[in-house]
Structure formats: C-alpha cells, structure tokens
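> this one's structure only:
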C-alpha cells in the first residue's frame, strides 16, 4: 500500500508540473528531463557525498529552477509544438548522458540510495505544499490571465497580458515540482534506471492529466489514484495490459469529454450546490 | 572517405523513409487537420503484419499486400475518431495529438504482448536481400536501394497527384482555407477519407521499404520514429510538404554520419539538438509553417 501511495504522490507532483505550463498551452516535457537530473543528482549527493536529505532537496529544486529558467529564457514565446521538441530533445540528451556515464551507473542503474525514515509523511507534506502554491496561483490575477492566454493568446496580448513572463513563471514553478519529484523518486525507490525517464513517462503523465482533466488542478488526483491503482488492485492478467488500458481510457475521454473527468464547470456546479 | 560515402548513401536511404513518413503526416495535418502521432506506429504494425505472413507462408507478395492492407485498415479505422475530435467545439489540434498518443500506446502494448512474445522480429534474408554493391566500406544492400528508389518514386507520384490532378487541387484548397473550401462546395469529408486512404497506402509501402532497410522491427521502433517525424515536420514548418522533403533527407544523412563517426547512442541527441537549434532560431520552421 505504501508503495502505491508513494508512487501516486510522485505522479501527482509530476503531472502538476505538466499541468501548470499547460495553463498557458505549453506542453513542457522538459520537466521529465529535470526529474531525471535531480533524481540522479540526489542519488550521487546522498551516496557519494553523504549529503543529508533536506540539503539535497533544496539544492535539487534550485537546480531544476535554474535549468528551466535558462531554457525558458532562451526559447521565449514559441508555438506549442516547438516547446514539445525542446522537451523531447532534453529527455534524449539527459538519458543518453546517463546511459553513457559509468559514474551514474549507465544502463545498469544506480543503487543503494538510502531510504527515508517516514517517506510518505515527507512526500505528502511536499505535495501539499505545491498544492497550496498551485491553488493560490490559480485564484490570483496571474491565474485569470493564464486562462485568457489558454483561450486566446492573441486576445491576451491585446489585453496587455505579459504572455512570455507568465509562461516563464509557470515553467519555473513547475520545474521546482519536477525537481522535488526527482528527489522523492530517488529516495523512495532506492535505485534509478535511465529507462524510467523516457517518453513512456511522458505518456503516463499526459494520460493522467487528460483523463483527470486539464482545466483544474484537482482532476490529476483521482486520475493518478485510478491509473496508479491499475497495476496494484487489478489481477496481474489484467494489469499487465495497463498501458493498453491507459491508451483506451485516454482516447475514450478525449472522445466523450475532451476536458477530462473533472472540469472547472463541474467543480463550479458542485460548489454552488453546497452553498445553496 | 569510403566511410563518408557509405554513410551518405545509407543516410539518403534512411532519409527517404523519413521523407515518406513526413509527407503522409503532413498530408493528414493539412487536409484532416490532425497531428497523427500514431502514424509511425501504424507503419510498424504493418511491418509486423508482413513479418507474420512471411513466417506463416514465406510468400513475399502476400506479405507486401498484408502490410498495405493493415496500414490502410488502421488509418481508415482511425478516421471516425479524429473526425469526432475535430467536430467537437473549441477543440484545437492538441486534442488530436493527445488522442493519437493514446492510439500509439494501444498499438505498442498489442505488439509488445501479442507478437513474438514482445521480442523484436527479424525479417528473413530473402526479404531484405543481399548486398548489391560491395566495395571496401561501401556496402549497398537491396533494402537501402529499395528505400532510396522507392522514396524517390513515391514522392514524385505524390507531388504529381498534388499538383496535377483534380483531387490534388482540392487538397490544396482545403489546406489553404478549409472554411471557404466548404462554402464553395468542395467535398471535405470525401477528401478527408481520401487523405487517410493515401496515407494508409503510403504507410503500407513505407512498412515494406522500412523492413527491407532495417531487417528488423520492435514494438518501440515506432515511438522514436514518431518523435523524429514530429520534429522534422516542426523543423521544416508544420504542414510544409516541400520543407519536409529537405529536412527529412537532411535528418537521414545527419543521423547516418553521426552513427559513422560517434557512438550510436549519440545520433538521436545530435539530430534532435540540431533540429532544436533550428526551431529556436526559426520558430515557424526553416521553410515556414503552412498552419499556425
């Protein structure tokens, strides 16, 4: 059970890191590369340098933010699919460097990362912290501006919204999430393999985001529980087909309710019902 | 020098495959308004179909027909899915990208579970063929030659269809301005279906050429190819058919040279890095995007 909860929390954090830039229609797969960088950084810092967890965590978040800030500064305001290519390129670069580095364990993997004493409490706390930041951001003027950018970028420009800066801010915050997710993943699993940080992970995160619903931050939670639960709660004969199940669900949701299971409209109606 | 010439020839063959894939990808983008990320997966599944027929019967003609039939079937079956997505109000091109990612996941899972126990498949020698030219480091196999010649002939045919036939004009008109094309009574649905059919036939032939060229296939082959096709299309300019020709060929040559002079695993990084530099300096692509 703790395995399931731990993985679910990591997937929630990582999917939020894709959700936030998508608020301004950027599909930033760069965060998967950042997760890989911080996961391997924390492994090296903990095993080879003997750094304590919180120092590793803070440094990793800082590394994620710097990488993201520099890249988003270089790429500027570019079309969605250009951002996709940026992310894919960095995933390839990071994965290839890891695979070719003996110091990082190469394709064989990096082992013996120390486990945390109370991992789920720490992971839950970090997830709650980022949930709070996301909530505050979504209910601020910046969140409203992001909604305008999502609906109509040209209109946002005309209204004087600084599209570039909001995109950069969202990407920077999301990279902090990805950075933390990388550290938590390393300490939670105790071993790292470069194959995990590939396009498969992008596919899983996209599935969670689009099935849960991309118009609100809350859809990610039930979707991560539901999809993460497939390999845990279903019999192995069924769960071995989990990617097929994800694919079918993803196509079905896009066809039936393209905004996902939990939508902003649905939450608004629920809120009104409770108030009345 | 021999290595250089050998890699250039190899790169041109590989590039021809990319060109065909990008052409079909761009056709669906322009006419059906979809980002068909699963298209290379359809091609790989068609490669598997031909392998299965070769295993059972050893008949190359049946195997080739199986590849084309499977590719056409998959493309036509996906048409209603994408049509429905495009008909939903307020839906942009990202939705077709996400849906095709879903389709892609389904196909990879089917291939990795149901065919050859998930192991990569090898095509027999009578399918891939012996070396035609064998001079020092320069070895040109039948697969390489078939990919190169097949690529040239198919692209020439496609451009003839596009610029010298009635349906080609309709395709270009729809690509230019879909709303006006509909208003003047051009058959949008029929053209959509035709674009899927053409992409399906092309996909089947690509599967034949690709399997002859590579001599093997694996469930994960389509994923890397899909990323490259998307990258080529963006680097050339989304939907730019002529641009796709140059960038597809360029990618093939670049990859081949990278494999010849560096460790194999770095070839993808070098190719993507170069395409990244291009899209960052020209966000609308080298040749300009046909679509925003």
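Arrived safely, thanks for sending. Just so we're clear, the structure is a prediction, and the values are computed from it rather than from any experiment. Numbering: from 1, shown residues only, chains lettered A, B, ... in the order given.

> and residue 17, how many neighbours does it have?
In the absence of a named chain, this looks at chain A. Neighbour count of residue A:17, defined by other Cβ atoms under 10 Å in any protein chain shown: 30. C-beta: built from backbone N, CA, C; applies to glycine.

> wrong chain, I was asking about chain B
Using other Cβ under 10 Å, residue B:17 has 23 neighbouring residues.

> and the host helix or strand of it, what's buried?
Under the assignment given by DSSP states H and E, the secondary-structure element containing residue B:17 is helix B:2-27. Under the neighbour-count criterion of 16 or more other Cβ atoms under 10 Å in any protein chain shown, helix B:2-27 has B:6-27 buried.

> assign residue A:146 to helix, strand or coil.
The three-state label given to residue A:146 by DSSP: H, G, I helix; E, B strand; the rest coil is helix.

> that one contacts residue A:165, doesn't it?
No - using Cβ atoms under 8 Å, residue A:146 is not in contact with residue A:165, being 11.3 Å away.

> the two: which has the busier surroundings?
Between residue A:146 and residue A:165, residue A:146 has the larger neighbour count (other Cβ under 10 Å), namely 26 against 12.

> can you pull the contacts of residue A:94?
Taking Cβ atoms under 8 Å, 6 or more residues apart in numbering or on different chains, we find residue A:94 in contact with A:33, A:36-37, A:197.

> now, those that are in helices?
Counted as lying in helices by DSSP state H, out of these, are A:33, A:36-37.

> neighbour-wise, which one of those leads?
Using other Cβ under 10 Å as the neighbour definition, the ones in helices among the contacts of residue A:94 reach their maximum at residue A:33, which records 28 neighbours.

> near chain A, which residues of the stretch 151-292 of chain B?
Neighbours of chain A within the stretch 151-292 of chain B, by Cβ under 8 Å from any Cβ of the partner chain: B:223, B:227, B:230-231, B:234-235, B:238, B:263, B:265-266, B:268-269, B:272-273, B:275-276, B:279-280, B:283-284, B:289, B:292.

> pop the domain breakdown of chain A in here.
Here chain A is described, according to automatic domain parsing, as comprising the domains A:2-196, A:198-276.

> tabulate those (JSON lines), appending distance to residue B:119.
Putting the domains of chain A into JSON lines (distance: least, Cβ to Cβ, whole Å) gives the following:
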{"stretch": "domain A:2-196", "distance to residue B:119": "17"}
{"stretch": "domain A:198-276", "distance to residue B:119": "16"}
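
> need these in JSON lines with distance to residue B:195 and mean pLDDT, can you?
Putting the domains of chain A into JSON lines (distance: least, Cβ to Cβ, whole Å; pLDDT from 0 to 100) gives the following:
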{"stretch": "domain A:2-196", "distance to residue B:195": "20", "mean pLDDT": "93"}
{"stretch": "domain A:198-276", "distance to residue B:195": "20", "mean pLDDT": "90"}
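
> for residue B:234, what are its contacts?
When contacts are counted by Cβ under 8 Å, 6+ apart, residue B:234 is found next to A:81-82, A:84-85, B:275, B:279, B:285.

> if we use 10 Å, what do you get?
Shown here is residue B:234, whose contacts under the criterion Cβ atoms under 10 Å, 6 or more residues apart in numbering or on different chains are A:79-82, A:84-85, B:240, B:247, B:275-276, B:278-279, B:283-286, B:289.

> and residue B:221, how far from residue B:167?
32 Å (Cβ to Cβ, to the nearest Å).

> do residue A:71 as well
When Cβ to Cβ is the yardstick, residue A:71 and residue B:167 sit 43 Å from each other.

> who has more neighbours, those two?
When residue A:71 and residue B:167 are compared on other Cβ under 10 Å, the one with more neighbours turns out to be residue A:71, at 21 against 15.

> for the more buried one, which non-adjacent residue is closest in space?
For residue A:71, the nearest residue in space outside its immediate sequence neighbours is residue A:30; the separation is 6.3 Å by Cβ to Cβ, 6 or more residues apart in numbering or on different chains.

> equivalent analysis for residue A:189, please.
Setting aside the residues directly before and after it, residue A:189 is nearest to residue A:113 in space (Cβ to Cβ, 6+ apart), at 7.6 Å.

> which SS state does that neighbour fall under?
Looking at residue A:113 with three-state DSSP, the answer is coil.

> now stretch B:186-196: mean pLDDT?
Per-region confidence: stretch B:186-196 scores 91 on mean pLDDT.

> ah, wrong one, I meant stretch B:95-103
For stretch B:95-103, the mean per-residue pLDDT is 92.

> how about that stretch: buried residues?
Burial within stretch B:95-103, assessed by neighbour count using 16+ other Cβ under 10 Å, is assigned to B:95-103.

> so who does residue A:264 touch?
Counting by Cβ under 10 Å, 6+ apart, residue A:264 makes contact with A:138, A:147, A:213-216, A:218-219.

> just give me the longest helix of chain A.
Scanning chain A for the longest helix, with DSSP H as the assignment, gives helix A:163-189.

> how far off centre is it?
7 Å (Cα atoms, centre = their mean, to the nearest Å).

> now it: buried residues?
For helix A:163-189, burial by neighbour count (16+ other Cβ under 10 Å) applies to A:163, A:166-189.

> over to stretch B:146-156?
Judged by neighbour count using 16+ other Cβ under 10 Å, the buried positions of stretch B:146-156 are B:146-148, B:150-151, B:154-155.

> so who does residue B:169 touch?
The neighbours of residue B:169, taking Cβ under 10 Å, 6+ apart as the test, are B:162-163, B:186.

> now residue A:228: closest residue in space, sequence neighbours ignored.
Nearest non-adjacent residue to residue A:228, counting by Cβ to Cβ, 6+ apart: residue A:8, 4.5 Å away.

> what about the one you found, how many neighbours?
Taking other Cβ under 10 Å as the neighbour definition, residue A:8 ends up with a count of 21.

> pull up the gap between it and residue A:201, please.
Using Cβ to Cβ, one obtains 15 Å as the distance from residue A:8 to residue A:201.

> try residue B:190
Relative to residue A:201, residue B:190 is positioned 40 Å away (Cβ to Cβ).

> so the following helix or strand past the longest helix of chain A, near chain B or not?
Scanning forward in sequence from helix A:163-189, with DSSP H and E defining helices and strands, the next element found is helix A:199-212. Yes - residues of helix A:199-212 contacting chain B under Cβ under 10 Å from any Cβ of the partner chain: A:199-200, A:202-204, A:206-207, A:209-211.

> residue ranges for the helices of chain A, please.
Listed in chain order, the helices found in chain A under DSSP H are A:2-22, A:30-47, A:53-75, A:80-99, A:119-138, A:141-151, A:153-158, A:163-189, A:199-212, A:220-233, A:236-239, A:242-256, A:264-275.

> how far does the fourth one sit from the chain's center?
Its chain's C-alpha centre and that of helix A:80-99 lie 15 Å apart, by Cα atoms, centre = their mean.

> could you find the closest non-adjacent residue to residue 37?
Went with chain A since none was named. Taking Cβ to Cβ, 6+ apart, and ignoring the residues beside it in sequence, residue A:37 has residue A:94 as its nearest neighbour in space, at 5.9 Å.

> meant chain B actually
With sequence-adjacent residues excluded and distances taken as Cβ to Cβ, 6+ apart, residue B:37 is closest to residue B:100, at 4.0 Å.
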